[in-house]
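Peer 1: from the sequence below, what's the structure:
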Amino acid sequence: MRRRDVIIFFTVIFGVYGVINYYIFIRGAGSLVVFPAFRPWYVGAFFFLAFSYIAGRFLERRKITALSNALIWLGSFWLAAVVYFLLIVIALDIARLLHWIIPFLPQSFFEPQARFFIAIGSILIVVLVIVGGAVNAARPRIRSLNISIPKKSHSLNTLNIVAVSDIHLGTIICKARLERIVRKINSLNADIVLLPGDVVDEDIQPVIKQDLGDTFRSIKSKHGVIAITGNHEYIGGVDAACSYLVEQGIIMLRDDVIKIADSFYVVGREDRSYNRGPKRRRKPIEELLRGLDKSLPIILMDHQPFHLEEAMKNGIDLQLSGHTHHGQMWPFNLITNRIYELSWGYTKKGDTHFYVSCGVGSWGPPVRIGNRPEIMHIKLTFLNIAK
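Peer 2: Sure thing, here's the model as predicted:
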């Protein structure tokens, strides 16, 4: 991404974030009319929370410390809280607007004391939602899927796949969290473990400092662990992230193909972020498949689930994707459902099976509301029918 594009991108992001926080701040300040002594504390606490994530990331870039970690954790929960405070404030403002058109609210609703108690109630609601979402995010489930593929395989009748997308390793998804994920992976006796992108959240340094690679090396898989890049590997430095993962014994497929046990292929596409570089374009699927024995099963990993028809037209048997998180927190799933043909789950187009995972980790807030993180357990059965 060019420097100018980066500046524009972050200017827009910080601008929107600032406007949203200011909107919430003004509405919250209005509820303190009856307790003016609280206002300085409110102002200080609000601005500290609003800037904690940004400050933590800035400090982390310079040096990882207990302070930078604490600020990132606190700020991450604030990012989630902002979403639900915003929804509450908008709902209250809409109610006031409708009341102005057609009066239906009691006069007591507009009293200063009522505004204060509404603010307290809103805080309690948001805290309960965030706590519930954090508990949910920390408890990934195993989601099982059985798929039959009408192709021959030289030496296999079945293939036991464990697929884990969007781990987002870093300060938030730390060693303890990864160890729990790996224990679940190992309980499934995988023939092969596939990681369809966003293994690393952003900067690789928190991953190195926690020695998360040691945990990766404990994954048990007959045919190894294979990963592809996601957009977040590009945010923090794709080459450094990939080099680190390769050092841990993970096979990185970057617009590449590997043949396993002379029985099936795994195709790994470079993330779409690759195209942002000057004069760079990731390879089309047809180029990646050139020269392959298409009578054998072909599994494709493509992090972002756009243009599913391309896999179908090129004879892919199974495509695994992630990226969407299915919105991660309601109501963002309503947006991802509009953007992607398949935001989460399984579908079949022609002879091609697709699964888009909502992911096992989280980006930003360690909170999931409306969906639960998952580890995919896919059993492929080969019908040994020559096509």
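
Peer 1: now the helices for the stretch 101-250 of the chain?
Peer 2: For the stretch 101-250 of the chain, the helices defined by DSSP state H, counting those that start in this stretch occupy 112-137, 175-186, 205-209, 212-216, 231-236, 238-247.

Peer 1: shaky segments in the stretch 51-200 of the chain?
Peer 2: In the prediction, the stretch 51-200 of the chain carries no residues with pLDDT under 70.

Peer 1: sorry, back to before: so which of the helices of the stretch 101-250 of the chain gets nearest F264?
Peer 2: Taking C-beta to C-beta, helix 175-186 is the member of those nearest to F264, at 19.9 Å. Just so you know, the C-beta spots here come from the backbone N, C-alpha and C atoms, and that holds for glycine as well.

Peer 1: how far away from the center of its chain is that closest one?
Peer 2: The chain centroid and the centroid of helix 175-186 are separated by 17 Å under C-alpha atoms, centre = their mean, to the nearest Å.

Peer 1: please put the alpha-carbon coordinates of that helix into CSV.
Peer 2: Provided in CSV are the C-alpha atoms of helix 175-186 (Å, rounded to 0.1, in the frame of the first residue of the first chain):
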residue,chain,number,x,y,z
LYS,A,175,0.0,-18.1,24.6
ALA,A,176,-2.7,-19.4,27.0
ARG,A,177,-5.4,-18.9,24.3
LEU,A,178,-3.3,-20.6,21.6
GLU,A,179,-2.6,-23.5,23.9
ARG,A,180,-6.3,-24.1,24.4
ILE,A,181,-6.8,-24.0,20.6
VAL,A,182,-4.0,-26.5,20.0
ARG,A,183,-5.4,-28.9,22.6
LYS,A,184,-8.7,-28.9,20.8
ILE,A,185,-6.9,-29.4,17.4
ASN,A,186,-4.9,-32.4,18.8
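
Peer 1: other SSEs contacting that helix?
Peer 2: For helix 175-186, the packing partners by 3 or more C-beta pairs under 8 Å, 6 or more residues apart in numbering; DSSP states H and E come out as helix 212-216, strand 374-382.

Peer 1: hey, least reliable of these by pLDDT?
Peer 2: Lowest mean pLDDT within these: helix 212-216, a mean of 90.

Peer 1: and R96, what does it touch?
Peer 2: Residues in contact with R96, defined by C-beta atoms under 8 Å, 6 or more residues apart in numbering, are L105.

Peer 1: show me what counts as buried in the strand or helix carrying it.
Peer 2: Element membership for R96, per DSSP states H and E: helix 66-101. The neighbour-count check on helix 66-101 (16 or more other C-beta atoms under 10 Å) flags 68-69, 71-73, 75-85, 88-89, 92 as buried.

Peer 1: with stretch 243-253 instead?
Peer 2: Under the neighbour-count criterion of 16+ other C-beta under 10 Å, stretch 243-253 has Y244, L245, Q248, I250, I251, M252, L253 buried.

Peer 1: mind checking the end-to-end distance for that stretch?
Peer 2: In stretch 243-253, first residue to last residue: 12 Å (C-alpha to C-alpha, to the nearest Å).

Peer 1: what residues does it touch?
Peer 2: 195, 199-200, 204, 207-208, 213, 216-217, 224-229, 242, 258, 266-269, 301.

Peer 1: drop anything exposed from these.
Peer 2: The neighbour-count test (16+ other C-beta under 10 Å) marks 195, 199-200, 204, 207, 213, 216, 224-229, 242, 266-269, 301 as buried among those.

Peer 1: and those, which of them are in strands?
Peer 2: Those of the buried ones among the contacts of stretch 243-253 mapping onto strands are L195, V225, I226, A227, V266, V267, G268, M301, per DSSP state E.

Peer 1: now for those residues: which two are most distant?
Peer 2: Greatest spatial distance among those (C-beta to C-beta): V225 and V267, at 16.0 Å.

Peer 1: where's L79 relative to Q328, distance?
Peer 2: L79 sits 11 Å away from Q328, going by C-beta to C-beta, to the nearest Å.

Peer 1: how about K313?
Peer 2: Distance, K313 to Q328, by C-beta to C-beta: 31 Å.

Peer 1: quick one: E341 and A311 touch, right?
Peer 2: No: in this structure E341 lies outside contact range of A311 using C-beta atoms under 8 Å: 11.6 Å.

Peer 1: neighbour count winner among those two?
Peer 2: Taking neighbours as other C-beta atoms under 10 Å, E341 and A311 compare with A311 leading, 25 against 14.

Peer 1: list the contacts for the more buried one?
Peer 2: So A311 contacts I285, L300, D302, Q319, T352, F354 (C-beta under 8 Å, 6+ apart).

Peer 1: measure it to V356 for me?
Peer 2: From A311 to V356 the distance is 12 Å (C-beta to C-beta).

Peer 1: and P196, how many residues sit next to it?
Peer 2: P196 has 32 neighbouring residues, counting by other C-beta under 10 Å.
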